[in-house]
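In: generate a structure from the sequence data that follows.
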Amino acid sequence: MKKVVFLKNAVILTATALLLRAIGIFFRVWMAGRLGAEGMGLYQLVFSVYVLAATFATSGISTAVTRLVTDELALGTRHGTLRILRRAILLTTLVAVASMGIVFFGAHPIAKYLLGDLRAVPALKILCFSLPFMGISSCLRGYFIARRRAGPSSSSQILEQIVRIAVVVFLVGRYAQKGLAATCGAVLFGDTAAEGISCLFLYLSYLRDRRSIPAEGGRKNPPFGIVRRILHIALPISSGRYLNSGLRTVENILMPTSLAQYGGSKSQSLGQFGMIKGMALPILFFPASLLNAVSTLLIPEMSEASAKGEWYKVKSATLRAFQITLLLSFFIAAVFLFGAEEIGWLVYKDKGVSYFLRVLAPLVPFMYLDSVCDGMLKGLDQQVFTFQNSVLDSALRIPLILLLVPAKGMPAFLGIMYFSNLFTSFLNAGRLIKVSKIKLPVFRWIVKPLLSIAVSSLFSDMLARTLFPVSQIGYLAVLIVGTAAIYFPLLFLLGSVSRDDL
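Out: Numbers count the residues shown, from 1 in each chain. As a prediction, this is how the structure comes out:
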């Protein structure tokens, strides 16, 4: 029954994520057409502050709620479960309100001295009102993951995206003529309205769900004991996210200026920056929906297995996560590597985006693996280790940007991205292997799949270019179908996948 529930939730989360990512990409295409590359760069600058403030608002609370509620539900207690959730919501609301005040009253100095663009002021003042909604939603989503119910969270995200698009399309059409400041403000107002509606939906879903929690059994949790346990889990995760968000914010601030120092205008540099962060990376992360869903759902499973001392379940889940992530990410990376020009042109009608897609495609396995390992480590109470990784990554990236980008330009930044992703993914993967006490079959899951994907993608590329020398859609269809038709059977023939794995 647990396997059926897990698979059902995985399907729900994956389908939702694919739908939302697809909608999000088309929405970004629409925004890019209205804002242009410079406008997307400005939006990304504002969004970096948004992400930093949102990190403070959510405070790593979702993972803490998932783990603590999972433990409490195993004891069959309604009172303890609801008390954990109430304390978590109180904590995150206090932090969110403080963050909201900082952003609202500091919008002008943030825009002037940090972002270097006063056009960001209206958007900054608008976005801060979404922070309390984000914090409360984060707690409620953690609760539903612990309850093994993916439906409410997925439904709220779909509703959120619908509201966001409707509001933004309505407002941008009316404010586009008033400049980028007004347009970015309209976009962030859509985000705020969407977060509020999503939070309300989740809360109503929670009111219906809490009645079904068994009331018997359980242990007594003093209020301060609950807060202490929440902070024990949330603070290391939050600190790591603060550093990552802070790094990305500083990075987003430094990049256009550093690129301008290398050569070119501030407008051109902002446009290049917008291509990478606002256009190329969302496409590269689009296929990761299944892996993200599995990673999220494994947190309560691994937390429960670890608490009960059932390490055979931890080993089995870890091995399966590594296998799925590696084998799928090799296939996805190959499609982006060979089809970058066609994908970039079909989505954005921009060859610049195609260039960044091809250059960053080999990073896909490392980015996906890092994301999955990070989530699983937090399920095994390794949040302090992930925090230390973030500190080290932050200490390396910013000096490298300051030192190399003004001298070497965009190639230096791309090199820094490679170094950072390889560094963190190897650290997290190594730690997960050590903690879970598994032996990774490198030859079977890395060497053989790499040979298989090289053969299948090269053959499919030649076939696709022969059959469709002009048609981009035809080329991509043959490339994807042909590569899959050769790659996955080869995995079976070479022993990388067996019938038992299915």
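In: from now on I want contacts and neighbour counts done on CA atoms only, so please keep to that.
Out: Fine.
In: so which bits of the helix or strand hosting T386 are buried?
Out: Using DSSP states H and E, T386 sits within helix 383-408. Judged by neighbour count using 16 or more other Cα atoms under 10 Å, the buried positions of helix 383-408 are 383-387, 389-391, 393-394, 397-398, 401, 404-406.
In: surely T318 and S436 touch.
Out: Yes. The pair T318 / S436 is scored as a contact, 7.1 Å apart, by Cα atoms under 8 Å.
In: looking at those two, which one has more neighbours?
Out: Between T318 and S436, counted using other Cα atoms under 10 Å, the more crowded position is T318 (23 against 20).
In: what sits against that one?
Out: Listed by Cα atoms under 8 Å, 6 or more residues apart in numbering, the contact set of T318 reads M376, L432, S436, I438.
In: got the buried residues for the helix or strand just after the helix holding T386?
Out: Sequence order places helix 410-436 as the next helix or strand after helix 383-408, per DSSP H and E. By neighbour count on 16+ other Cα under 10 Å, the buried set for helix 410-436 is 410, 412-414, 416, 418, 420-425, 427-429, 431-433, 436.
In: by how many degrees do helix 410-436 and helix 383-408 diverge?
Out: With axes from the mean of the first three to the mean of the last three Cα atoms, to 10 degrees defining the directions, helix 410-436 sits at 160 degrees from helix 383-408.
In: quick one: average confidence on helix 410-436?
Out: Taken as a whole, helix 410-436 carries a mean pLDDT of 90.
In: which strands and helices sit next to the strand or helix carrying V167?
Out: V167 belongs to helix 151-175 when assigned by DSSP H and E. Applying 3 or more Cα pairs under 8 Å, 6 or more residues apart in numbering; DSSP states H and E, we find helix 151-175 packed against helix 2-58, helix 131-146, helix 180-209.
In: ok, which of the ones you listed comes nearest P362?
Out: Distance to P362, taken as Cα to Cα, is lowest for helix 2-58 among the helices and strands packed on helix 151-175, at 20.8 Å.
In: separation between E251 and T296?
Out: To T296, E251 is 27 Å away according to Cα to Cα, to the nearest Å.
In: what's the host helix or strand of V372 packed up against?
Out: Taking DSSP H and E as the definition, one finds V372 inside helix 364-379. On a contact count with 3+ Cα pairs under 8 Å, 6+ apart, helix 364-379 meets helix 289-307, helix 311-348, helix 383-408, helix 410-436.
In: avg pLDDT for that helix?
Out: pLDDT averaged over helix 364-379 gives 86.
In: name the residues that touch that helix?
Out: Identification of contacts with helix 364-379 by Cα under 8 Å, 6+ apart yields 63, 67, 284-285, 288, 291-292, 295-296, 298-303, 318, 321-322, 325-326, 329-330, 332-333, 383, 386, 421-422, 424-426, 428-429, 432.
In: can you list the buried residues in it?
Out: Quick answer for helix 364-379 (16+ other Cα under 10 Å): 364-379.
In: any weak-confidence spans in the stretch 1-150 of the chain?
Out: 1-7, 10, 37-38, 55-60, 74-77 (pLDDT under 70).
In: ok, back up a step: and the angle from the helix holding V372 to helix 311-348?
Out: Computed by the same axes, to 10 degrees, the angle separating helix 364-379 from helix 311-348 equals 140 degrees.
In: centre of the chain to helix 364-379, how far?
Out: 10 Å (Cα atoms, centre = their mean, to the nearest Å).
In: hmm, N252 is touching F47, no?
Out: No. Using Cα under 8 Å, N252 is not in contact with F47; the gap is 9.6 Å.
In: who has more neighbours out of these two?
Out: Using other Cα under 10 Å as the criterion, N252 and F47 rank with N252 on top: 25 against 21.
In: the residue nearest to that one when sequence neighbours are not counted and E341, how far apart?
Out: Sequence neighbours aside, L45 is the residue nearest to N252 in space, at 6.1 Å (criterion: Cα to Cα, 6 or more residues apart in numbering). Counting by Cα to Cα, the gap from L45 to E341 is 26 Å.
In: hang on, the earlier thing: may I see the contacts of T318 organised as TSV, with distance to Q268 added?
Out: Shown next, in TSV, are the contacts of T318 (distance: Cα to Cα, whole Å):
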residue	distance to Q268
M376	40
L432	42
S436	47
I438	48
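In: of these, closest to V470?
Out: Proximity of the contacts of T318 to V470 (Cα to Cα) peaks at M376, which lies at 44.1 Å.
In: any idea how far Q388 is from that closest one?
Out: Distance from M376 to Q388, by Cα to Cα: 16 Å.
In: and V314, by the same measure?
Out: Noted for V314: a distance of 23 Å to Q388, by Cα to Cα.
In: cool, and V447?
Out: The spacing between V447 and Q388, counted by Cα to Cα, is 30 Å.
In: pLDDT wise, what is L204 at?
Out: Taking L204 on its own, its pLDDT is 94.
In: so how many other residues sit close to it?
Out: By the criterion of other Cα under 10 Å, L204 has 11 neighbours.
In: how near is it to R210?
Out: 10 Å.
In: go on, M410?
Out: Taking Cα to Cα, one finds M410 at 52 Å from R210.
In: what's the answer for C128, then?
Out: In terms of Cα to Cα, C128 sits 30 Å off from R210.
In: next one: E342
Out: Plainly put, E342 is 49 Å away from R210 if you go by Cα to Cα.
In: and V405, what does it touch?
Out: V405 makes contacts with M255, S258, L259, Y262, P411, A412, F413, as judged by Cα under 8 Å, 6+ apart.
In: could you dump the residues you listed to CSV with distance to A15?
Out: CSV is the format used below for those (distance: Cα to Cα, whole Å):
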residue, distance to A15
M255, 35
S258, 40
L259, 38
Y262, 43
P411, 36
A412, 37
F413, 34
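In: show me which of the residues you listed is closest to T466.
Out: Nearest to T466 out of the contacts of V405 is P411 (Cα to Cα; 32.4 Å).
In: how about the nearest residue to the closest one, chain neighbours excluded?
Out: Spatial nearest neighbour of P411, chain neighbours left out: V405 (7.9 Å); criterion: Cα to Cα, 6+ apart.
In: run through who's touching the host helix or strand of S62.
Out: S62 belongs to helix 61-74 when assigned by DSSP H and E. With Cα under 8 Å, 6+ apart as the test, helix 61-74 has contacts from 80-81, 84-85, 88, 92, 138-147, 213, 218, 229-231, 233-234, 238, 299-300, 303-304, 307, 378-379.
In: off-centre distance for that helix?
Out: 21 Å.
In: and it with helix 2-58, angle?
Out: Using the same axes, to 10 degrees: helix 61-74 against helix 2-58 is 140 degrees.
In: got the angle for helix 61-74 vs helix 131-146?
Out: Angle between the axes of helix 61-74 and helix 131-146 is 40 degrees (criterion: the same axes, to 10 degrees).
In: can you spell out which helices and strands pack onto the host helix or strand of K448?
Out: In the assignment (DSSP H and E), K448 maps to helix 448-467. In this structure, helix 448-467 packs against helix 311-348, helix 472-493, with contacts taken as 3+ Cα pairs under 8 Å, 6+ apart.
In: could I get those helices as a markdown table with mean pLDDT?
Out: Formatted as a markdown table, those follow (pLDDT from 0 to 100):
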| stretch | mean pLDDT |
| --- | --- |
| helix 311-348 | 88 |
| helix 472-493 | 93 |
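In: ok, which of these comes nearest V187?
Out: The minimum distance between V187 and the helices and strands packed on helix 448-467 falls on helix 311-348, with 19.3 Å, by Cα to Cα.
In: could you find the closest non-adjacent residue to G495?
Out: Nearest non-adjacent residue to G495, counting by Cα to Cα, 6+ apart: R444, 6.9 Å away.
In: for the one you found, which residues are in contact?
Out: L494, G495, S496 are the contacts of R444 under Cα under 8 Å, 6+ apart.
In: quick one, which of those residues are buried?
Out: S496.
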